[in-house]
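Asker: Fold the following, please.
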Amino acid sequence: MNVNFEYYKIFYYVAKYGSFTKAARALGSTQPNVTRAMNCLEQQLHNTLFIRTNRGIQLTPEGEQLYTHVSVAMAQLFIAEEELSDSASLTHGSVTIGATETALNIFLLCKLKAFRTAYPGIRLKIYNYSSPQAIAAVKSGKIDFAVLSTPVPAELPLHLTPLQSFREILIGGPSFSALSEKELCFSDLKKYPFICLGRETATFQFYNQLFLSQELELIPDTEAATTDQILPLVKNNLGLAFLPEPMALESLAKQEVLQIAISEKLPLRHICLVHDHQHPLNSGARELKKIILGERMD
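Answerer: Here you go, the predicted structure:
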(Lines give C-alpha, C1' and ligand atoms only; values in the text may rest on other atoms or scores of the structure.)
Protein backbone atom coordinates (compact mmCIF):
# COMPACT_ATOMS: atom_id res chain seq x y z
CA MET A 1 0.00 0.00 0.00
CA ASN A 2 1.58 3.26 -1.17
CA VAL A 3 0.29 5.79 1.38
CA ASN A 4 1.74 9.30 1.58
CA PHE A 5 3.56 9.34 4.93
CA GLU A 6 2.73 13.02 5.35
CA TYR A 7 -0.87 11.90 5.82
CA TYR A 8 0.14 9.87 8.88
CA LYS A 9 1.79 12.94 10.40
CA ILE A 10 -1.36 15.00 9.83
CA PHE A 11 -3.49 12.14 11.21
CA TYR A 12 -1.36 12.11 14.37
CA TYR A 13 -2.03 15.77 15.08
CA VAL A 14 -5.75 15.53 14.25
CA ALA A 15 -6.15 12.55 16.59
CA LYS A 16 -4.01 14.19 19.28
CA TYR A 17 -5.96 17.46 19.34
CA GLY A 18 -9.33 16.05 18.34
CA SER A 19 -9.77 18.90 15.88
CA PHE A 20 -8.90 19.62 12.27
CA THR A 21 -8.54 23.32 13.08
CA LYS A 22 -6.11 22.79 16.00
CA ALA A 23 -4.12 20.25 13.97
CA ALA A 24 -3.83 22.75 11.10
CA ARG A 25 -2.58 25.41 13.53
CA ALA A 26 0.05 23.02 14.96
CA LEU A 27 1.19 22.08 11.47
CA GLY A 28 1.22 25.63 10.13
CA SER A 29 -1.37 24.63 7.55
CA THR A 30 -5.07 25.34 6.94
CA GLN A 31 -8.18 23.45 7.99
CA PRO A 32 -9.25 22.66 4.39
CA ASN A 33 -5.82 21.20 3.61
CA VAL A 34 -5.98 19.00 6.73
CA THR A 35 -9.51 17.86 5.90
CA ARG A 36 -8.49 17.04 2.34
CA ALA A 37 -5.48 15.02 3.52
CA MET A 38 -7.59 13.00 5.98
CA ASN A 39 -10.17 12.25 3.30
CA CYS A 40 -7.36 10.95 1.08
CA LEU A 41 -5.96 8.83 3.95
CA GLU A 42 -9.34 7.24 4.62
CA GLN A 43 -9.77 6.48 0.93
CA GLN A 44 -6.32 4.90 0.63
CA LEU A 45 -6.78 2.80 3.79
CA HIS A 46 -10.38 1.92 2.86
CA ASN A 47 -11.45 2.69 6.42
CA THR A 48 -13.34 5.44 8.21
CA LEU A 49 -11.00 6.91 10.81
CA PHE A 50 -13.07 9.76 12.22
CA ILE A 51 -16.63 10.49 13.22
CA ARG A 52 -17.28 14.20 12.63
CA THR A 53 -19.43 15.89 15.30
CA ASN A 54 -20.34 19.45 16.19
CA ARG A 55 -17.81 19.24 19.04
CA GLY A 56 -14.97 18.12 16.80
CA ILE A 57 -13.90 14.66 15.75
CA GLN A 58 -13.90 11.26 17.42
CA LEU A 59 -11.76 8.31 16.41
CA THR A 60 -13.47 5.18 15.18
CA PRO A 61 -12.17 1.81 16.43
CA GLU A 62 -10.07 1.63 13.23
CA GLY A 63 -8.83 5.16 13.92
CA GLU A 64 -7.89 4.21 17.49
CA GLN A 65 -5.99 1.18 16.19
CA LEU A 66 -4.08 3.29 13.68
CA TYR A 67 -3.32 6.01 16.25
CA THR A 68 -1.78 3.43 18.60
CA HIS A 69 0.88 2.64 16.00
CA VAL A 70 1.31 6.12 14.54
CA SER A 71 1.80 7.73 17.97
CA VAL A 72 4.64 5.29 18.74
CA ALA A 73 6.31 6.06 15.40
CA MET A 74 5.96 9.80 15.90
CA ALA A 75 7.43 9.58 19.40
CA GLN A 76 10.50 7.83 17.97
CA LEU A 77 10.83 10.47 15.25
CA PHE A 78 10.63 13.27 17.84
CA ILE A 79 13.38 11.57 19.87
CA ALA A 80 15.55 11.22 16.77
CA GLU A 81 15.03 14.89 15.88
CA GLU A 82 16.00 15.93 19.41
CA GLU A 83 19.12 13.77 19.35
CA LEU A 84 20.15 15.19 15.98
CA SER A 85 19.52 18.70 17.23
CA ASP A 86 21.67 18.02 20.31
CA SER A 87 24.41 16.57 18.10
CA ALA A 88 24.34 19.59 15.82
CA SER A 89 24.56 21.89 18.84
CA LEU A 90 27.42 19.75 20.25
CA THR A 91 25.66 19.10 23.55
CA HIS A 92 25.52 15.35 22.97
CA GLY A 93 27.09 12.80 20.65
CA SER A 94 30.27 10.78 20.37
CA VAL A 95 33.59 10.75 18.54
CA THR A 96 35.63 7.60 17.91
CA ILE A 97 39.29 7.84 16.95
CA GLY A 98 42.40 5.67 16.79
CA ALA A 99 45.82 6.69 18.07
CA THR A 100 49.30 5.28 18.60
CA GLU A 101 50.87 5.80 22.03
CA THR A 102 53.47 8.13 20.55
CA ALA A 103 50.83 10.35 18.96
CA LEU A 104 48.75 10.31 22.12
CA ASN A 105 51.61 11.16 24.47
CA ILE A 106 53.45 13.87 22.57
CA PHE A 107 50.60 15.55 20.68
CA LEU A 108 47.03 14.39 21.14
CA LEU A 109 46.46 14.63 24.91
CA CYS A 110 46.46 18.42 25.03
CA LYS A 111 44.09 18.54 22.04
CA LEU A 112 41.69 16.13 23.73
CA LYS A 113 41.78 18.26 26.89
CA ALA A 114 40.87 21.36 24.88
CA PHE A 115 38.01 19.49 23.18
CA ARG A 116 36.68 18.15 26.49
CA THR A 117 36.73 21.64 27.99
CA ALA A 118 34.85 23.10 25.01
CA TYR A 119 32.36 20.24 24.53
CA PRO A 120 31.89 18.32 27.81
CA GLY A 121 28.75 16.58 26.52
CA ILE A 122 30.51 14.78 23.67
CA ARG A 123 31.69 11.25 24.50
CA LEU A 124 35.17 10.22 23.36
CA LYS A 125 36.20 6.68 22.45
CA ILE A 126 39.89 6.21 21.74
CA TYR A 127 41.31 2.97 20.36
CA ASN A 128 44.95 2.13 21.06
CA TYR A 129 46.06 1.00 17.62
CA SER A 130 49.24 0.31 15.73
CA SER A 131 49.41 2.29 12.49
CA PRO A 132 48.31 -0.66 10.27
CA GLN A 133 45.38 -1.40 12.59
CA ALA A 134 44.32 2.25 12.60
CA ILE A 135 44.47 2.47 8.81
CA ALA A 136 42.21 -0.58 8.52
CA ALA A 137 39.76 0.94 11.03
CA VAL A 138 39.60 4.25 9.12
CA LYS A 139 38.98 2.40 5.85
CA SER A 140 36.17 0.32 7.35
CA GLY A 141 34.54 3.34 9.00
CA LYS A 142 34.94 1.86 12.49
CA ILE A 143 36.61 5.11 13.62
CA ASP A 144 36.13 8.69 12.48
CA PHE A 145 39.84 9.29 11.92
CA ALA A 146 43.25 8.40 13.34
CA VAL A 147 46.24 10.30 14.76
CA LEU A 148 49.40 8.32 14.11
CA SER A 149 53.18 8.49 13.98
CA THR A 150 54.93 7.94 10.67
CA PRO A 151 55.58 5.86 8.70
CA VAL A 152 51.90 5.49 7.84
CA PRO A 153 50.86 3.02 5.11
CA ALA A 154 48.01 5.24 3.85
CA GLU A 155 46.76 5.17 0.26
CA LEU A 156 43.87 6.90 -1.53
CA PRO A 157 41.11 7.59 -0.67
CA LEU A 158 42.77 8.13 2.72
CA HIS A 159 44.33 11.55 3.25
CA LEU A 160 47.34 12.19 5.48
CA THR A 161 47.90 15.60 7.14
CA PRO A 162 51.24 16.18 8.98
CA LEU A 163 50.73 17.79 12.39
CA GLN A 164 54.04 17.82 14.27
CA SER A 165 57.57 16.50 13.76
CA PHE A 166 59.67 14.74 16.38
CA ARG A 167 63.00 13.01 16.64
CA GLU A 168 63.86 9.85 18.52
CA ILE A 169 66.90 9.40 20.74
CA LEU A 170 68.82 6.36 21.90
CA ILE A 171 68.52 5.73 25.65
CA GLY A 172 69.80 3.19 28.15
CA GLY A 173 69.37 2.41 31.84
CA PRO A 174 71.86 3.03 34.69
CA SER A 175 73.78 -0.16 33.90
CA PHE A 176 74.77 1.39 30.56
CA SER A 177 76.03 4.68 32.03
CA ALA A 178 79.50 4.19 30.53
CA LEU A 179 77.96 4.50 27.06
CA SER A 180 76.86 8.07 27.74
CA GLU A 181 80.45 9.17 27.16
CA LYS A 182 80.70 7.42 23.79
CA GLU A 183 79.24 7.83 20.34
CA LEU A 184 77.84 4.63 18.94
CA CYS A 185 77.04 3.69 15.36
CA PHE A 186 74.33 1.30 14.22
CA SER A 187 76.75 -1.60 14.01
CA ASP A 188 77.69 -1.05 17.68
CA LEU A 189 74.10 -1.72 18.72
CA LYS A 190 74.60 -5.39 17.86
CA LYS A 191 76.89 -5.61 20.92
CA TYR A 192 74.12 -4.67 23.36
CA PRO A 193 70.62 -5.96 24.12
CA PHE A 194 68.17 -3.98 22.03
CA ILE A 195 64.48 -3.20 22.67
CA CYS A 196 62.04 -2.40 19.86
CA LEU A 197 58.35 -2.51 19.05
CA GLY A 198 56.95 -5.68 17.52
CA ARG A 199 57.39 -6.65 13.88
CA GLU A 200 53.74 -5.89 13.05
CA THR A 201 54.22 -2.18 13.77
CA ALA A 202 55.19 0.64 11.42
CA THR A 203 57.93 1.66 13.88
CA PHE A 204 59.63 -1.71 13.51
CA GLN A 205 59.52 -1.33 9.73
CA PHE A 206 61.00 2.17 10.09
CA TYR A 207 64.00 0.90 12.06
CA ASN A 208 64.31 -2.24 10.00
CA GLN A 209 64.83 -0.05 6.92
CA LEU A 210 67.42 2.05 8.79
CA PHE A 211 69.34 -1.07 9.77
CA LEU A 212 69.13 -2.46 6.26
CA SER A 213 70.53 0.82 4.89
CA GLN A 214 73.61 0.07 7.02
CA GLU A 215 73.63 -3.54 5.76
CA LEU A 216 72.54 -4.74 9.18
CA GLU A 217 69.69 -6.98 10.30
CA LEU A 218 67.35 -5.77 13.05
CA ILE A 219 66.88 -8.57 15.58
CA PRO A 220 65.54 -7.13 18.86
CA ASP A 221 66.33 -8.93 22.09
CA THR A 222 63.01 -7.68 23.49
CA GLU A 223 59.92 -6.80 21.49
CA ALA A 224 57.43 -4.50 23.21
CA ALA A 225 53.75 -4.40 22.32
CA THR A 226 53.41 -0.63 22.86
CA THR A 227 55.68 2.42 23.03
CA ASP A 228 54.61 2.95 26.66
CA GLN A 229 56.28 -0.34 27.59
CA ILE A 230 59.69 0.66 26.28
CA LEU A 231 60.66 3.23 28.94
CA PRO A 232 60.08 0.88 31.95
CA LEU A 233 62.07 -1.82 30.17
CA VAL A 234 64.98 0.58 29.63
CA LYS A 235 64.83 1.86 33.21
CA ASN A 236 65.22 -1.71 34.40
CA ASN A 237 68.31 -2.26 32.25
CA LEU A 238 66.80 -4.73 29.82
CA GLY A 239 68.54 -3.00 26.95
CA LEU A 240 68.94 0.07 24.75
CA ALA A 241 66.06 1.54 22.80
CA PHE A 242 65.03 4.40 20.58
CA LEU A 243 62.26 6.54 22.07
CA PRO A 244 60.61 9.82 21.02
CA GLU A 245 62.57 12.53 22.80
CA PRO A 246 59.49 14.18 24.40
CA MET A 247 58.57 10.86 26.04
CA ALA A 248 62.05 10.49 27.55
CA LEU A 249 62.61 14.03 28.89
CA GLU A 250 61.23 13.51 32.40
CA SER A 251 63.19 10.31 32.97
CA LEU A 252 66.34 11.94 31.58
CA ALA A 253 65.93 14.84 34.03
CA LYS A 254 65.53 12.37 36.92
CA GLN A 255 68.57 10.43 35.63
CA GLU A 256 66.48 7.27 35.49
CA VAL A 257 67.78 6.78 31.95
CA LEU A 258 70.63 8.33 29.98
CA GLN A 259 70.94 9.49 26.42
CA ILE A 260 73.49 7.79 24.22
CA ALA A 261 74.95 9.63 21.23
CA ILE A 262 74.72 7.91 17.87
CA SER A 263 76.76 8.89 14.84
CA GLU A 264 74.01 8.36 12.25
CA LYS A 265 71.43 11.15 12.20
CA LEU A 266 67.96 9.69 12.58
CA PRO A 267 65.32 10.92 10.13
CA LEU A 268 62.56 13.11 11.53
CA ARG A 269 59.26 11.36 12.15
CA HIS A 270 55.86 13.02 12.15
CA ILE A 271 52.54 12.92 13.93
CA CYS A 272 49.80 13.00 11.31
CA LEU A 273 46.04 12.86 10.99
CA VAL A 274 44.57 10.22 8.69
CA HIS A 275 41.00 10.44 7.48
CA ASP A 276 38.82 9.29 4.61
CA HIS A 277 37.28 12.08 2.50
CA GLN A 278 34.50 9.65 1.54
CA HIS A 279 33.52 9.07 5.18
CA PRO A 280 31.32 11.94 6.47
CA LEU A 281 32.07 13.16 9.99
CA ASN A 282 29.44 14.08 12.56
CA SER A 283 29.55 17.56 14.08
CA GLY A 284 31.55 16.42 17.14
CA ALA A 285 34.21 14.72 15.01
CA ARG A 286 34.43 17.80 12.78
CA GLU A 287 35.07 20.03 15.79
CA LEU A 288 37.73 17.71 17.23
CA LYS A 289 39.40 17.63 13.83
CA LYS A 290 39.44 21.45 13.79
CA ILE A 291 41.13 21.52 17.20
CA ILE A 292 43.69 18.90 16.14
CA LEU A 293 44.49 20.89 13.00
CA GLY A 294 44.81 24.07 15.04
CA GLU A 295 41.86 25.75 13.38
CA ARG A 296 39.72 28.31 15.14
CA MET A 297 36.69 26.84 16.89
CA ASP A 298 33.29 28.26 15.87
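Asker: where are the low-confidence patches of the stretch 151-298 of the chain?
Answerer: Applying pLDDT under 70 to the stretch 151-298 of the chain flags the ranges 295-298.
Asker: can you pull out the helices in it?
Answerer: With helices called from DSSP state H, counting those that start in this stretch, the stretch 151-298 of the chain shows them at 202-213, 227-235, 245-253, 283-292.
Asker: quick one, the second one and helix 202-213 angle?
Answerer: Interaxial angle, helix 227-235 versus helix 202-213 (axes from the mean of the first three to the mean of the last three CA atoms, to 10 degrees): 60 degrees.
Asker: With distance to residue 114 as added columns, please give the helices of the stretch 151-298 of the chain in CSV.
Answerer: C-beta here means a position set from N, CA and C on the backbone, and glycine is covered the same way. Shown next, in CSV, are the helices of the stretch 151-298 of the chain (distance: least, CB to CB, whole Å):
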stretch, distance to residue 114
helix 202-213, 27
helix 227-235, 22
helix 245-253, 18
helix 283-292, 5
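Asker: Can you tell me which of those helices is nearest to residue 31?
Answerer: helix 283-292 (38.6 Å; CB to CB).
Asker: immediately after the helix or strand hosting residue 37, which helix or strand?
Answerer: Take DSSP states H and E as the rule and residue 37 turns out to sit in helix 31-45. Sequence order places strand 50-53 as the next helix or strand after helix 31-45, per DSSP H and E.
Asker: and the helix or strand that that next one is followed by, how far from the chain's centre?
Answerer: Next helix or strand after strand 50-53 toward the C-terminus (DSSP H and E): strand 56-59. For strand 56-59, the separation from the chain centroid amounts to 51 Å (computed by CA atoms, centre = their mean, to the nearest Å).
Asker: List of residues touching stretch 138-148?
Answerer: For stretch 138-148, contacts defined as CB atoms under 8 Å, 6 or more residues apart in numbering pick out 95-100, 103-104, 107-108, 127, 129, 131, 134-135, 137, 158, 163, 202, 271-276, 279, 281-282, 285, 288-289, 292.
Asker: how near is residue 264 to residue 206?
Answerer: Per CB to CB, to the nearest Å, residue 264 is found 14 Å from residue 206.
Asker: meant to ask about residue 168, not that
Answerer: For residue 168, the distance to residue 206 (CB to CB) stands at 9 Å.
Asker: any shared contact partners between the two?
Answerer: Common contact partners of residue 168 and residue 206 (CB under 8 Å, 6+ apart): residue 269.
Asker: could you point out which element follows the helix or strand where residue 111 lies?
Answerer: Under the criterion of DSSP H and E, residue 111 resides in helix 109-118. Downstream of helix 109-118, the next assigned helix or strand under DSSP H and E is strand 123-128.
Asker: so what secondary structure elements neighbour that following strand?
Answerer: strand 94-99, helix 109-118, helix 131-140 (3 or more CB pairs under 8 Å, 6 or more residues apart in numbering; DSSP states H and E).
Asker: Mind putting the ones you listed into JSON lines with mean neighbour count, distance to residue 60 and mean pLDDT?
Answerer: JSON lines is the format used below for these (neighbours: other CB atoms under 10 Å; distance: least, CB to CB, whole Å; pLDDT from 0 to 100):
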{"stretch": "strand 94-99", "mean neighbour count": "22", "distance to residue 60": "45", "mean pLDDT": "92"}
{"stretch": "helix 109-118", "mean neighbour count": "14", "distance to residue 60": "54", "mean pLDDT": "93"}
{"stretch": "helix 131-140", "mean neighbour count": "20", "distance to residue 60": "51", "mean pLDDT": "90"}
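Asker: Kindly reformat these as TSV containing distance to residue 38.
Answerer: Shown next, in TSV, are the helices and strands packed on strand 123-128 (distance: least, CB to CB, whole Å):
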stretch	distance to residue 38
strand 94-99	41
helix 109-118	48
helix 131-140	47
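Asker: for the ones you listed, which one sits closest to residue 216?
Answerer: Taking the helices and strands packed on strand 123-128 one by one with CB to CB, helix 131-140 is closest: 23.2 Å.
Asker: Which SSE is immediately downstream of that closest one?
Answerer: Downstream of helix 131-140, the first helix or strand assigned by DSSP H and E is strand 145-149.
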